[in-house]
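A.B. asks: Structural data only, the sequence is not supplied:
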C-alpha cells in the first residue's frame, strides 16, 4: 500500500518533471527547469546569522548587526550566483553511444554557454543515475565535450534517463539543480561469452549453397589445431563438414566465407546464444574473413570491416526488441 | 552532491591568510601563549598539507585542548566576556588541526565569521569596521576557493569573484541596516571587560583628578542643534558631592539612592516645578564614550531629555546602567535658571552645611572672621574670591596635603587646581553657614567647526562649587575661574605653564597646526561614524523613516505605492524580455518571424508541423515562393544542427528579404 502510493508519487513527480523540462534534442537550462534550495551548510549558515544577530542585539552593537546583515546579503546574492551558474547552459548529445552488457556505455555530450555574453561557469556536477558525477567548468572556453557513462544492465537500446545537473558554487550554501532528459541513447550489445567452437553453418545443409567452394586448392595441407593459433588460419569449412578443427597451412592468406548461425547453439536460451554469437562476431572482426549472421528473424549478408561488424552487433543487441529497434532508428 | 573531500592549496592558503587577519585585533586581550599555540598549529597544518606530518592523533588533540583551557583558567581568573572570546579563539585555532574535509573547512569559516563579529565588541570605529570588512572578504574568498573545482584554482580570480559578490551584497546590507527593527537587549549579557576605567570617579580627593587631566581620551562629543554657547558657559554637570570627611568629597546617601531619581518626565516634574526657567535654551545631542559608570553629563538645568536617563533633585542626569559602549542621548537645557528659590528642606539644609568637626579648625576660624567683616553672604563670597585671585597659583603639580588638607592648602601651599579650589571654597562657605556643595564634571571642550560639534576630553574634567543664597537659589561659583580665568575662557591647554604642558604631552600638538587639523578631521569622521552608524537605534530609525514618510496622507501613499508597483512591473518585464533574448536562439527568432510573415497570407504554421512539412505545404500552395521557402528552411535546419554564425546571418538576411 505504502510502496504503491510512494511509486504513484514518484510517477507524479516524473510526469511533472517531464512537463516542465520535456525530452529534447537540445536542452537549454532556464528558469523553468532550475530549482534552488539551501544546502545543509546553508541552513547552518543561517543559524550562524541568527546567533550573530542575537549577539548584536543583546550588546546593542550595530557593527555586529551589520556583519550579520552583510552575511545575509551575501547569502541572497550567492543564491543568484548559484542560479546563474546553471542558467543558459546548453546540452546537446554528440552521437549515439554503444557498449556491452556489464560495461559502461558512453554518452558523449557537448555543453556550451548559450547566451551571447561570455560568462564563467564553475564546478558544475553532471550525473546520471547513481554514477559518479562529471565536473564541468567553462572558464576560459565557451564549450566543452564531456562523456557520461552509465552501467549497462541489459541488452538493447539504453537511454541515460534524466540527467541531474547541479552546482553549489560559489559558497556551497545554496544548491541549484535541474533534471533534463536528452534524446539520446546507446546500443548495448550482449555481453560476449567465449565458447570453444564457433556456431558455423554446415556446407551441405539448407544454407550450403550459399557457401562458395572455389578456393579449396589454395592451401597446402591441414595441421591439427593448436590452442592459441591465429583464428584466420582455422579451416572452418572442414570443421563445418564435421572434420574437426584443423589449421590451414599456407603462406598467402585468403579470406573465407563464414556464416554464424543461431540454430547451431542448441540447448541454450536466447541471451546465452546471443552472447556467444557476439563473442564470435568480435573475434571474426579481427580477421579479414567475410562473415555473415543468421538469426531466426533475419539474415545479415556476408561482409567485413568495422561497419559490418557494428551492423551485426546491432542486430544482436536489438534482437527481439522492437521498441529498442524503433528508438534506435529514430536516432539514426 | 558529491563531497569534494580534498582541501585545495588555494583553500588552505586563503584560510591561513584570513585567520591571521581575523586574529590580529585580538592581540590586545588574548593571552600571549595563545599565539604560540597558533604558530604550532599553523606549522603542523602546513606540514600535513605537504605530506610531511600526519594529522595529530586523538590523544594529542585532547592534550592541546586541556592545555589551552587550563591556560585560559590560569590567565583569566574570571569568566567574563573576554574569557568567552578567548575560548572562541581557541576553538578557531585548534579547528585548523581538525580540518580534513570540506565540512570541517566550512565549520572553520563559520567560526571565523563569528570571531570577526566579536572584534566589534572591543573596537567600533571606522577603521575597525573597514578592517572587519577586509576580514570578511578574505574569509569569503577562502570559502569560495574551497567550492571551486580543483582544476580551476586561481588565487586572483577567487579574490575578484568574492569581492564582486560582497560589493553586490552591500546595497542589501544598507537596506537591512536601515530598515530592520532594533529590538534592544533580549536578555542580560556579561559586559565587555572593564579593563581600563577612564573617566570621572564618584569621589573627589586631592590628587584624584591627576589621572584625568593627563588623558587626551575623548569623554564625549556634543552637537548643538541651534546656536552654540560660549566656552565659559559649558559647565558639563555630572555628579554633585555633598558629603565631606575632611579630605574626600562623596555623594550623600540621598544622592546615591537610585530611588531618588525620576525616570519619566511626569515624575521628574516633582523636581522640575522648583526651577524657574529663563529664556536661554540649548538643545544638544551627546555621544558619550564608555566609562563603565552610569554618569552622564548635561548643562544645568536640563529641561527635557531622551534616552534611558533618570533625573536627580540636584539637577543631574544618570543612565540606568553603566555605560559600556558609546551611548547617545539628547537634552534640552536652560542655562539661566533659578532653582529652589523658595528655600531648602531642613534635611537638605543640614546636608549642605555639614562639616567634620575635628578637621580644618583654622578654616572655620577664618570663615567666621571674614563673614563678620563682610557683613552679608554676597560680600563674604566676593571677599573669598578676591583672596583666591590674589594669593593662589593654578598648577597641575600641587604640593601634597596632610590631614587638615583645607587648612594646609588655604594657608600654606596655595598651589593647586580645580579640585583644591572647589573643595576649599565649599568648606569656607559651609563654615560660614552658607549651604554649598561640590559639582564635578567637565568644563569647555574643543570646537570642531567643520562638523559643528564640541569634543570634550578627559583632561577637560573640572570641579566647581554651588552655593545656595536666599532669594537666588543655587548659584554656580567657580573659584578656579578666579585664579586662572583663561582655564575657563580658553580651555585647559591655555591655562598651563610650560612644565604642565609637557606633563600633558600635548606641547607638540599645540604648536603643529597641521597635526592639529588632521586630528580634528579624523575626530570629525569618527564622530559622524558614531552619530550615524554606531548610535543608529530604534528611535533614530523612527525619526529617519518618519522623515521619509512625513505627513503621509492617503493620496500621497497611493501615488507612492503605484510608483513602486510600476517600477516593479517594469523591472519584471525587463527581466522577462532580457530572459527571452538570452534564451531564445537567434535562428528560432528568425524562423518565427518567417512563419509570421506567411501567417499574414493565411499560411500559418500548424501545431506540430515540422519545418520540412511546412515548407512542402507552402510550396504546393504558392509555387512562386517555393525556392525562397526551401532556402530558408534549409538554412534554419542547418543552423539548428551545428551551424555557425554565418549561416544564422544568411538566414536573417533571407527572412528579411522574404515577402509573400
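C.D. replies: Right, received. Where do you want to start? What you see is a predicted model, and the numbers here were worked out from it, not measured in a lab.
A.B. asks: what's the closest non-adjacent residue to residue A:120?
C.D. replies: residue A:139 (5.3 Å; Cβ to Cβ, 6 or more residues apart in numbering or on different chains). (Each C-beta comes from the backbone N, C-alpha and C, glycine too.)
A.B. asks: contacting residues around the one you found?
C.D. replies: A:120-122, B:152 (Cβ atoms under 8 Å, 6 or more residues apart in numbering or on different chains).
A.B. asks: Give me the below-cutoff pLDDT ranges for chain B.
C.D. replies: B:1-6, B:77-79, B:188-199, B:210-211, B:490-512, B:548-558, B:575-585, B:608, B:641-645 (pLDDT under 70).
A.B. asks: swap in the stretch 151-300 of chain A?
C.D. replies: Looking at the stretch 151-300 of chain A by pLDDT under 70, you get A:197, A:201-223, A:226-233, A:240-243, A:248-256.
A.B. asks: got the residues of it near chain B?
C.D. replies: With Cβ under 8 Å from any Cβ of the partner chain as the criterion, the stretch 151-300 of chain A meets chain B at residues A:166, A:168-172, A:175.
A.B. asks: which residues does residue A:292 bridge with?
C.D. replies: Under DSSP bridges, the beta-bridge partners of residue A:292 are residue A:259.
A.B. asks: how near is it to chain B?
C.D. replies: 35 Å (Cβ to the nearest Cβ, to the nearest Å).
A.B. asks: From the contacts of residue A:139, keep the buried residues only.
C.D. replies: Buried subset of the contacts of residue A:139 (neighbour count, 16 or more other Cβ atoms under 10 Å in any protein chain shown): A:121-122, B:152.
A.B. asks: re the thing from before, pLDDT wise, what is the residue nearest to residue A:120 at?
C.D. replies: pLDDT, residue A:139: 85.
A.B. asks: now the residue most central in space within chain A: how far from residue A:184?
C.D. replies: For chain A, the residue nearest the mean C-alpha position is residue A:105 (3.0 Å; Cα atoms, centre = their mean). Distance from residue A:105 to residue A:184, counting by Cβ to Cβ, to the nearest Å: 11 Å.
A.B. asks: repeat for residue A:167
C.D. replies: According to Cβ to Cβ, residue A:167 stands 22 Å off from residue A:184.
A.B. asks: Confirm residue A:273 sits in a helix?
C.D. replies: Yes. According to DSSP: H, G, I helix; E, B strand; the rest coil, residue A:273 belongs to a helix.
A.B. asks: I'd assumed residue A:266 was in contact with it.
C.D. replies: No. In this structure, residue A:273 is not within contact of residue A:266 by Cβ atoms under 8 Å, at 9.2 Å.
A.B. asks: which of the two has more neighbours?
C.D. replies: residue A:273 (25 against 7; other Cβ atoms under 10 Å in any protein chain shown).
A.B. asks: Now do the contacts for the more buried one.
C.D. replies: Residue A:273 touches A:262, A:265, counting by Cβ under 8 Å, 6+ apart.
A.B. asks: cool, and residue B:183?
C.D. replies: So residue B:183 contacts A:57, B:538 (Cβ under 8 Å, 6+ apart).
A.B. asks: How many neighbouring residues does the closest residue to residue B:185 other than its chain neighbours have?
C.D. replies: Closest residue to residue B:185 apart from its sequence neighbours, by Cβ to Cβ, 6+ apart: residue A:58 at 4.9 Å. Residue A:58: 16 surrounding residues under other Cβ under 10 Å.
A.B. asks: what do you get for the one 10 residues further on?
C.D. replies: Around residue A:68 there are 26 other residues, counting by other Cβ under 10 Å.
A.B. asks: just to confirm, which helix or strand has it in it?
C.D. replies: helix A:62-84 (DSSP states H and E).
A.B. asks: And chain B, is that helix touching that?
C.D. replies: Yes. Using Cβ under 8 Å from any Cβ, helix A:62-84 reaches chain B at A:62-74, A:76-78, A:81.
A.B. asks: Just the local confidence number for the residue nearest to the centre of chain A, please.
C.D. replies: 87.
A.B. asks: For it, give its distance to residue A:146.
C.D. replies: With distances taken as Cβ to Cβ, residue A:105 is found 15 Å from residue A:146.
A.B. asks: got it, and residue B:279?
C.D. replies: Taking Cβ to Cβ, one finds residue B:279 at 84 Å from residue A:146.
A.B. asks: which of those two has more neighbours?
C.D. replies: Counted by other Cβ under 10 Å, residue B:279 and residue A:146 do not tie: residue A:146 has more neighbours, with 16 against 7.
A.B. asks: I'd assumed that one was in a strand, is it?
C.D. replies: Yes. Counting by three-state DSSP, residue A:146 is located in a strand.
A.B. asks: on that earlier part again, where does the residue nearest to residue A:120 fall, phi/psi-wise?
C.D. replies: phi -110, psi -60 (degrees, to the nearest 10).
A.B. asks: What of the one 4 residues further on?
C.D. replies: According to degrees, to the nearest 10, the main-chain angles of residue A:143 amount to phi -150, psi 160.
A.B. asks: Give the bridge partners for it, please.
C.D. replies: Under the criterion used (DSSP bridges), residue A:143 bridges to residue A:112.
A.B. asks: so what's it up against?
C.D. replies: By Cβ under 8 Å, 6+ apart, the contact set of residue A:143 is A:110-113.
A.B. asks: I'd like to know how far it sits from residue A:120.
C.D. replies: Distance from residue A:143 to residue A:120, counting by Cβ to Cβ: 13 Å.
A.B. asks: which outside residues touch stretch B:111-119?
C.D. replies: Residues from elsewhere that reach stretch B:111-119, judged by Cβ under 8 Å, 6+ apart: A:48, A:51-52, A:55-56, A:64, A:67-68, A:71, B:15, B:18-19, B:22-23, B:25-26, B:85, B:88-89, B:91-92, B:95, B:128, B:131-132, B:135-136, B:139.
A.B. asks: What about those residues, which are in helices?
C.D. replies: Among those, DSSP state H puts A:48, A:51-52, A:55-56, A:64, A:67-68, A:71, B:15, B:18-19, B:22-23, B:85, B:88-89, B:91-92, B:128, B:131-132, B:135-136, B:139 in helices.
A.B. asks: and those residues, which are buried?
C.D. replies: A:48, A:52, A:55-56, A:64, A:67-68, A:71, B:15, B:18-19, B:22-23, B:85, B:88-89, B:91-92, B:128, B:131-132, B:135-136, B:139.
A.B. asks: which parts of stretch B:438-452 are buried?
C.D. replies: Under the neighbour-count criterion of 16+ other Cβ under 10 Å, stretch B:438-452 has B:438-448, B:451 buried.
A.B. asks: which of those lies closest to chain A?
C.D. replies: residue B:451 (19.9 Å; Cβ to the nearest Cβ).
A.B. asks: who are the neighbours in contact with the closest one?
C.D. replies: Residue B:451 touches B:524, B:527-528, counting by Cβ under 8 Å, 6+ apart.
A.B. asks: out of the residues you listed, who's nearest residue B:146?
C.D. replies: residue B:528 (38.7 Å; Cβ to Cβ).
A.B. asks: Tell me how the chain divides into domains.
C.D. replies: Using chain A here. Each domain of chain A is listed here as a residue range: A:19-189, A:208-330, per automatic domain parsing.
A.B. asks: switch to chain B, that's the one I care about
C.D. replies: Chain B resolves into domains spanning B:9-179, B:210-521, B:536-566, B:583-657 when parsed by automatic domain parsing.
A.B. asks: Same list (these) but as TSV, adding distance to residue A:41.
C.D. replies: Formatted as TSV, the entries for these read as follows, by distance: least, Cβ to Cβ, whole Å:
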stretch	distance to residue A:41
domain B:9-179	5
domain B:210-521	33
domain B:536-566	31
domain B:583-657	30
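A.B. asks: among those, which is nearest residue A:278?
C.D. replies: Closest of the domains of chain B to residue A:278 is domain B:583-657, at 32.7 Å (criterion: Cβ to Cβ).
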